[in-house]
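**Q** I'll drop the sequence and a predicted model, then ask my questions.
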Amino acid sequence: MKALHPKAISMDLFKRLTEAKRDFGRMRTREPNILTFIVYGLLFDVVVNLWKPFSVKFLERIGGGELEISLLNSLPGIAAATVLLPGALFLSRFSNKKKATASFILASRALLLAVALIPVLPSYVRPMLFVFFIAAMNVPDALSQTSLQSFLGSVFSGHTRAQAIALRHKFGNVAIPLITVITGIMITFIPSSDHGRMILYQVFFVFAFITGLAEVFVFKRFKVGQNDGGADGKVTAIKPEAVKYVLKDKKFKTFLWPTLFFAFSWYAGWPICSIYQVQNLGANELWFAIFALTSGIGAFAAAGFWHKFIRKYGNGTAFQMATLLIAVNLILFPLSPNVVVMSIFQLFGGAVSIGVSTAMLNGVLEATPDENRLVYMAAFNTALNLGLFLAPLLSHLLLSLSGIYGAFIIVTLMRLAASFVLLFKKEQHGLPKI
């Protein structure tokens, strides 16, 4: 319990805020796009973490069960996969892609207002309607994030890009625990009834929308040259035939297929972990906030390590190591007898997850050329989202056939197998380095 004492938590957050303030001051004299990327990332994190860490608990409170929880993890993936490639071709027709991307961000945030209305609707439609709105939100969100990833590949060089991504995660791992702890405490202690708790959830969804407006404003300040789709000029629309070329690119496929296998095994564990936390450990909103806090502490502490590791050993080695550790992390969940132990184990989970996220993004940007990068990113994210759609369905099947502990064992073995596939591919062909 000592690790979760309020004084210890306050001291850790104070140290992280102090370090973040120092780094923020240094950014004023560096590449302005890095500073804009960090501020945009902070606002993005606020929007998402006002509601997403508690989405499973919210779904349970409005009547959702295991099926709805699995669909909540699954349907956003198929929604995004359906639109990403045609959306990328559509986006390429805009002379000002930055403006178009900002419109997608705004559309995604506007759906939060629809979600805020769910508690006033009849109880029998609430669970599936919530799942539907979250899936619909992922359509414009997936397009905007794919476009942003394309921008990153254009405006940042290899080492600068790694620095920008590392700093964005570093500052995000200050903001995420702060916002989740504050919201978790408010949801747990302020309302005196379930009705009051629903009203507070509605307030959070509306505030997330308002923060999303600021997110759009900051995104528009991202400095992107004409050749990168940031200024009005000659339109170079991508032809549908470009998709065939992307799928034949040997370097891209060498990175794509083992990464997709790993991502599938990674996603398959998410609903199982959420169900275990809610149903087996009885976690409420406050504990989900503490999980996010300790995970953020782990990620914050490990961000510098992963950045140095990638620079020293290469992105492929870092990716393989991180995927092996994420398999080990899944073993810790069924070994958690209560929420206190689970929150401590989240330190390790956060430290490993940031390594996976950083190495995956670095790897795909290095594996894609400047020309038609938007289509490459759309193809990559389409494949990932198909995995995101199918993996939770597999999780639901495993839960039905083998129970929660059997599902943990099977998915852990899948992650270990995926990690060894990445190792084999790295040694045979060499995964991209930065």
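**A** It's in. No experiment lies behind these values; they were computed from the predicted model shown.

**Q** what about the strand or helix carrying residue 394, average pLDDT?
**A** For residue 394, the host element (DSSP states H and E) is helix 373-428. Here helix 373-428 scores 86 as its mean pLDDT.

**Q** Please verify my assumption that residue 152 contacts residue 368.
**A** No - applying CB atoms under 8 Å, one finds residue 152 not in contact with residue 368, separated by 10.8 Å. The way it works is simple: take the backbone N, C-alpha and C, and place the C-beta from them, glycine included.

**Q** Among these two, which residue is more densely surrounded?
**A** residue 368 (25 against 21; other CB atoms under 10 Å).

**Q** ok, now which ones touch the nearest residue to that one once chain neighbours are set aside?
**A** Spatial nearest neighbour of residue 368, excluding adjacent residues (CB to CB, 6 or more residues apart in numbering): residue 376 at 3.9 Å. Residue 376 is in contact with 246, 249, 252, 364, 367-369, counting by CB atoms under 8 Å, 6 or more residues apart in numbering.

**Q** name the element the nearest residue to residue 285 once chain neighbours are set aside belongs to?
**A** Distances taken as CB to CB, 6+ apart put residue 187 closest to residue 285, at 4.1 Å, once the chain neighbours are dropped. Per DSSP H and E: residue 187 is located in helix 158-189.

**Q** so for that helix, what's the average pLDDT?
**A** 80.

**Q** Report the buried residues of it.
**A** 158, 161-181, 183-184, 186-187 (16 or more other CB atoms under 10 Å).

**Q** Stretch 124-140 too?
**A** Of the residues in stretch 124-140, those buried (16+ other CB under 10 Å) are 126-127, 129-140.

**Q** can you pull out the helices in this structure?
**A** 6-27, 32-49, 55-61, 66-91, 97-116, 126-155, 158-189, 194-219, 241-248, 250-275, 285-313, 315-332, 339-367, 373-428 (DSSP state H).

**Q** ranking those helices by mean pLDDT, which is last?
**A** For those, mean pLDDT drops lowest on helix 6-27, to a mean of 55.

**Q** and the nearest residue to residue 149 once chain neighbours are set aside, what does it touch?
**A** Leaving aside its chain neighbours, residue 149 sits nearest to residue 377 (4.9 Å; criterion: CB to CB, 6+ apart). Residue 377 makes contact with 88, 146-147, 149-150, 153, 364, 368, according to CB under 8 Å, 6+ apart.

**Q** at 10 Å what do you get?
**A** 84, 88, 145-153, 246, 364-365, 368 (CB atoms under 10 Å, 6 or more residues apart in numbering).

**Q** Can you tell me the number of residues neighbouring the closest residue to residue 421 other than its chain neighbours?
**A** Nearest residue to residue 421, sequence neighbours excluded (CB to CB, 6+ apart): residue 258, at 4.9 Å. Using other CB under 10 Å, the number of residues around residue 258 comes to 25.

**Q** From residue 416, how far out is residue 258?
**A** 14 Å (CB to CB, to the nearest Å).
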